[in-house]
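[1] Build me a model:
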Amino acid sequence: MIGFCMTGSFCTHSAALEVLDDLSKKYEIVPILSETVYGTDTRFGLSDDTVKTVEKLCGRRVIHTVRDAEPLGPSLPLDAMLILPCTGNTLGKTASGITDTAVTMAAKAHLRCSRPLIIALCSNDALSANLRNIGTVMNRKNVYFVPMRQDDPVRKPYSLVADFTKAEASLEAALRGEQLRPVFI
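    Modelled structure (predicted):
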């Protein structure tokens with residue numbers, strides 16, 4: 001059973017849902033959405049549509065509160081957890097041990113069981129304010145990254161975005177205890 005978490009980075013949600021669609025054909029998925037994703041309409045789509053799509057693909061209700069995410073550790077162990085997309089905000093909270101969203105609580109609870117957490121980072125400040133957080137989280141046991149690249153080095157010189165086409169391979173590598181390489185492409 002795989003946990004599939006989605007955080008902000010709304011411009012990547014359509015691609016994230018494609019990854020979820022592919023993974024749901026191979027794995028039993030427990031969907032976890034940040035409160036922001038669960039309740040925010042944007043120019044990229046309506047939250048109700050996202051929730052309905054995720055629940056249809058997973059065949060189960062979305063977890064979207066801290067209280068409901070807490071049992072995902074010892075009480076409901078998962079084989080792996082994927083945060084796709086993972087915002088810089090969520091990465092920073094994970095690096096600092098802050099658990100004030102469903103996704104950060106799920107990640108903390110999951111890591112207590114020494115199982116793989118895979119992060120697909122999408123952040124406009126990854127190579128500035130969040131660079132320290134990347135290093136902190138990258139050095140933790142059982143944390144892996146989906147390979148990432150600069151999406152627009154000229155206009156967004158500090159931005160990194162995970163290559164979602166490598167999400168499944170990253171998950172499979174993490175289940176073997178390996179980081180898919182290269183991390184930066």
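[2] Could you measure from the residue lying farthest from the centre of the chain over to Ile63?
    For the chain, the largest distance from the centre (C-alpha atoms, centre = their mean) belongs to Val154, which lies 26.1 Å off. Distance, Val154 to Ile63, by C-beta to C-beta, to the nearest Å: 39 Å. Glycine gets a C-beta too; all of them are placed from N, C-alpha and C.
[3] Ok, Ala69 next?
    Taken as C-beta to C-beta, the span from Ala69 to Ile63 is 5 Å.
[4] List the backbone torsions phi and psi for Ser159.
    phi -90, psi 140 (degrees, to the nearest 10).
[5] Run a quick neighbour tally on the closest residue to it other than its chain neighbours.
    Of all residues not flanking Ser159 in the chain, Asn124 sits nearest, at 4.6 Å (C-beta to C-beta, 6 or more residues apart in numbering). Per other C-beta atoms under 10 Å, the neighbour tally for Asn124 reads 19.
[6] Just the pLDDT at Asn124, thanks.
    pLDDT recorded at Asn124 is 95.
[7] Quick one: residues contacting it.
    Applying C-beta atoms under 8 Å, 6 or more residues apart in numbering to Asn124 gives the contacts Gly88, Lys156, Tyr158, Ser159.
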